[in-house]
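1. Build the 3D model from these lines:
(one chain, ligands or ions: 1)
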Amino acid sequence: MCGIVGYVGKKQAVPILLDGLSKLEYRGYDSAGIAVMQNGEISIRKSKGRLAVLREKLEAGNPISGVMGIGHTRWATHGEPSDTNSHPHLSRSGRFAVVHNGIIENYIKLRQRLTEKGFEFISETDTEVIAHMVEYYYNGNIIETVAKVTERLEGSYALGILCADMPDTFVAVRKESPLIVGIGEGENFIASDIPAILSHTRDVYFLENNEIVMLSADKVDVYNLDGEIIEKNPFHVDWDISAAEKGGYEHFMFKEIMEQPNVIRDTIQPRIRNGKIVLDDISLTADYIKGINKIYIVACGSAYHVGVVGKYIIEGINRIPVEVAVASEFRYMNPVVDDKTLTVVISQSGETADTIAAMREAKRLGSRTFAIVNVVGSAIAREADDVLYTWAGPEISVATTKAYSTQLTAIYLLSLYIAQELEQLDDEQFRMHIETLEALPDNIAKILDNKGEIQYAASQYYNAKSVFFLGRTLDYAVALEGSLKLKEISYIHSEAYAAGELKHGTIALIEDGTVVVALCTVKKLFEKMLSNIKEVKARGAVVIAIAEEGHTEIEKEADHVIYIPKCGELAIPSETVVPLQLFAYYIASLKGLDIDKPRNLAKSVTVE
Ligand code: F6R
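-> Here you go, the predicted model:
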């Protein structure tokens, strides 16, 4: 997501901030900005686009000088990428400048309150509320003020704050978003990640949640929310820069797999308020939804696989018929779509040519379009009638993991939103679905804790020639994704099959040593999956089963069993997919392949 850098010392701040931000480019961004304390006043330069655009702005007659400042690369969540929405944001009087990484979940409420108090907003961001709040609560003591502000913020944040009253000191604070402090000689730093400061110092503090840091050139003090000083032990960094950019992991894909609990939380939590689903800016009304004759889900690759799961979720909750189509087919298949059809397009990049064309075709046929997209301001986000952002943060690995998972949760949110508007579920059922969604991040974290077992299974079969993924209904939908993950990064031939369909031909391919991954998480079909496992074992297959905790009888049939936490049925794909991502990852890693950039593949497929 966004990147933050801050500097105070004796050198000019601008080059240090720009250099630091360039080291955070890997996090993805669409705009950048800096604020520097210049002669007791805060000067800001910011612009949409790459850092080079900001650099040009600064060099082309608009330079600033000063020895303290904060900088930011923004990856848009609230409000499109634009000069105005870029950070830093100033408070009303211009006395405070704020950079922010994270999402403020209650910003609408805070914005309303500030508006009532006469504050005017010039951006669409959640961050601007923080700048105004700091000004509103400022009592001359910045630590007390920041504590007061953060007590009122819900969500995740790392903040850097300049105050015109403090010409040689600035503050920062974090909760759930990363922030480190770099300790130098006569200079100090903050940053979202270590690479941003590594050319200046290797001694850092890792800030914990709710710790406020105050930095001047010669001093760093860390406080708790009660204003008491906290003793911190510096950590000496001895990694190289490229490892640090990946958070110490060997590959972006692994880092992104591990980020899933957090990004799913970011996608879900701001949309659940007081037990209700709140989708800001979505204009689907109950009247419109009542008139829908069907929903078409259109997407490519993994996003299409989300659609296959989505059919079960939407039909399961709402009993509205759902069709799912691959975007490159949809546009040529003469689909039955009219003004009573809602077309849901799903895309991480928002730039996939086939999906854009399919969306335009749906519009031409009179359909309303609803996009589930990760990249804010992308073509699909701009053209769709409604957009639900997944807030997964930038995905760098070509093979998608966290974007897929957040797309699944977005589909679940949409289904519940429709149910809520139609008053379709009773309170108890609705509450159960909300609880299921809210439990997902912790459940997925548990699966990730158990990665050693999946690594072991991968180590047994990484030389396999062919791997089959079997499942029924929701498990089959996830099998499609498991199989794609494996083939795209490990280059092992793989197929996903509806388990009951195997015997109609494909079972001929099962022979001694064929690896079968059997997904057995759908409760009512568990016995049937046991029979399918017996069928393939009788023909020599080795079986890795994925089952819900407690279903230990499967250990009699399968060679390996990976358990996942119990969970509401419609959310189970969000859990099941995680061991499959890890399985593909470990196999590709054991084969020594270029995991983040598999052969022949591109992250964004902008050609037909
Ligand atoms: C697979 C993968 C692709 C994408 C597909 C659609 O790991 O990443 O299958 O899912 O190319 O891309 P987006 O979601 O950007 O439209």
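
2. can you list the residues of the protein near the ligand?
-> Counting by Cβ under 6 Å from any ligand atom, the chain comes close to the ligand at 300-303, 347-349, 352, 355, 399-400, 484, 488, 604-605. (C-beta placed from N, C-alpha, C; glycine too.)

3. switch the cut-off to 5 Å
-> C300, G301, S302, A303, S347, Q348, S349, T352, A399, T400, V605 (Cβ under 5 Å from any ligand atom).

4. Top of these by number of neighbours, please.
-> When these are compared by neighbour count (other Cβ atoms under 10 Å), S347 ends up highest, at 32 neighbours.

5. which strand residues sit across from that one in the sheet?
-> V373 (DSSP bridges).

6. list the contacts for it?
-> Counting by Cβ atoms under 8 Å, 6 or more residues apart in numbering, S347 touches A299, C300, A303, T355, A371, I372, V373, N374, S378, I380.

7. got a winner among those residues for most neighbours?
-> Highest neighbour count within those: I372, with 33 neighbours (other Cβ under 10 Å).

8. Am I right that it is in contact with Q348?
-> No. Distance between I372 and Q348: 9.4 Å, which falls outside the contact criterion (Cβ atoms under 8 Å).

9. Nearest spatial neighbour of the residue of the stretch 151-300 of the chain found nearest the ligand, chain-adjacent residues omitted?
-> Going by Cβ to the nearest ligand atom, the ligand is nearest to C300 of the stretch 151-300 of the chain, at 4.1 Å. Using Cβ to Cβ, 6 or more residues apart in numbering and skipping the chain neighbours, the partner closest in space to C300 is A327 (5.0 Å).

10. What residue in this structure comes nearest to the ligand?
-> Closest contact between the chain and the ligand, by Cβ to the nearest ligand atom, is at G301 (1.9 Å).

11. shared neighbours, I372 and Q348?
-> Taking Cβ under 8 Å, 6+ apart as the contact criterion, the residues that touch both I372 and Q348 are T390, Q407.

12. if we can go back for a sec, the residue of the stretch 151-300 of the chain closest to the ligand is in contact with D354, isn't it?
-> Yes. Distance between C300 and D354: 5.4 Å, which falls inside the contact criterion (Cβ under 8 Å).

13. Give me the common contacts of the two.
-> When contacts are counted by Cβ under 8 Å, 6+ apart, C300 and D354 have V326, A327, S328, V605 as shared neighbours.

14. Report the rounded mean pLDDT for stretch 167-181.
-> On average, the pLDDT along stretch 167-181 is 93.

15. Most distant residue from the centre of the chain?
-> Distance from the C-alpha centroid of the chain peaks at A538, with 42.1 Å (Cα atoms, centre = their mean).

16. Could you list the alpha-carbon positions for stretch 452-465 in CSV?
-> This file holds the C-alpha atoms of stretch 452-465, laid out as CSV (Å, rounded to 0.1, in the frame of the first residue of the first chain):
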residue,chain,number,x,y,z
GLY,A,452,5.1,-26.5,7.6
GLU,A,453,2.8,-29.4,6.9
ILE,A,454,2.0,-28.2,3.4
GLN,A,455,5.7,-27.6,2.8
TYR,A,456,6.2,-31.2,3.8
ALA,A,457,3.5,-32.5,1.4
ALA,A,458,5.0,-30.4,-1.4
SER,A,459,8.5,-31.9,-0.7
GLN,A,460,7.1,-35.3,-1.3
TYR,A,461,5.6,-34.6,-4.7
TYR,A,462,7.5,-31.8,-6.4
ASN,A,463,8.6,-34.1,-9.1
ALA,A,464,5.1,-35.2,-10.1
LYS,A,465,4.3,-35.2,-13.8
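
17. residues making contact with it?
-> For stretch 452-465, with Cβ under 8 Å, 6+ apart as the criterion, the contacting residues are 467, 490, 492-493, 513-515, 542, 544, 560, 562, 579, 582-583, 586-587, 590-591.

18. now the residues you listed: which count as buried?
-> In terms of neighbour count (16 or more other Cβ atoms under 10 Å), the buried residues within the contacts of stretch 452-465 are 467, 490, 492, 514-515, 542, 544, 560, 562, 579, 582-583, 586-587.

19. Isn't L580 up against K485?
-> Yes. Assessed by Cβ under 8 Å, L580 is found in contact with K485 at 6.1 Å.

20. Show me which of those two is the more surrounded one.
-> Residue environment comparison for L580 versus K485 gives the larger neighbour count to K485, 28 against 25, counting by other Cβ under 10 Å.

21. just for the chain, where's the confidence low?
-> 1, 239-244 (pLDDT under 70).

22. In TSV: the contacts of S347, plus distance to K503.
-> Formatted as TSV, the contacts of S347 follow (distance: Cβ to Cβ, whole Å):
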residue	distance to K503
A299	30
C300	30
A303	30
T355	35
A371	39
I372	36
V373	40
N374	39
S378	43
I380	40
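
23. out of those, which are inside helices?
-> With DSSP state H as the criterion, helices contain A303, T355, I380 from among the contacts of S347.

24. which among those gets closest to L480?
-> Checking the ones in helices among the contacts of S347 against L480 by Cβ to Cβ gives A303 as the nearest, at 11.6 Å.

25. Spatially, what comes nearest to that closest one if we skip its sequence neighbours?
-> I346 (4.2 Å).

26. Distance check, the one you found against T406.
-> 11 Å (Cβ to Cβ, to the nearest Å).

27. Then K276?
-> Taking Cβ to Cβ as the measure, K276 falls 20 Å from T406.

28. now I268
-> In this structure, I268 and T406 are 9 Å apart, going by Cβ to Cβ.

29. same question, S156
-> In this structure, S156 and T406 are 15 Å apart, going by Cβ to Cβ.

30. Pick out whichever of those two has more residues nearby.
-> T406 (29 against 23).

31. which SS class is the more buried one?
-> Assigned by DSSP: H, G, I helix; E, B strand; the rest coil, the conformation of T406 is helix.

32. about what we covered before: of the contacts of S347, which is the nearest to D218?
-> Checking the contacts of S347 one by one against D218 (Cβ to Cβ), the nearest turns out to be N374, at 42.7 Å.

33. Look up phi and psi at that closest one.
-> Phi and psi for N374, reported as degrees, to the nearest 10, are phi -90, psi -40.

34. quick one: it and I346 touch, right?
-> No. Because the distance of 9.7 Å does not satisfy Cβ under 8 Å, N374 is recorded as not touching I346.

35. what touches both of the two?
-> Taking Cβ under 8 Å, 6+ apart as the contact criterion, the residues that touch both N374 and I346 are Q407.

36. Roughly how far does the most centrally placed residue in the chain sit from E383?
-> With distances taken as Cα atoms, centre = their mean, the residue of the chain nearest its centroid is A392 (1.3 Å). Distance, A392 to E383, using Cβ to Cβ: 21 Å.
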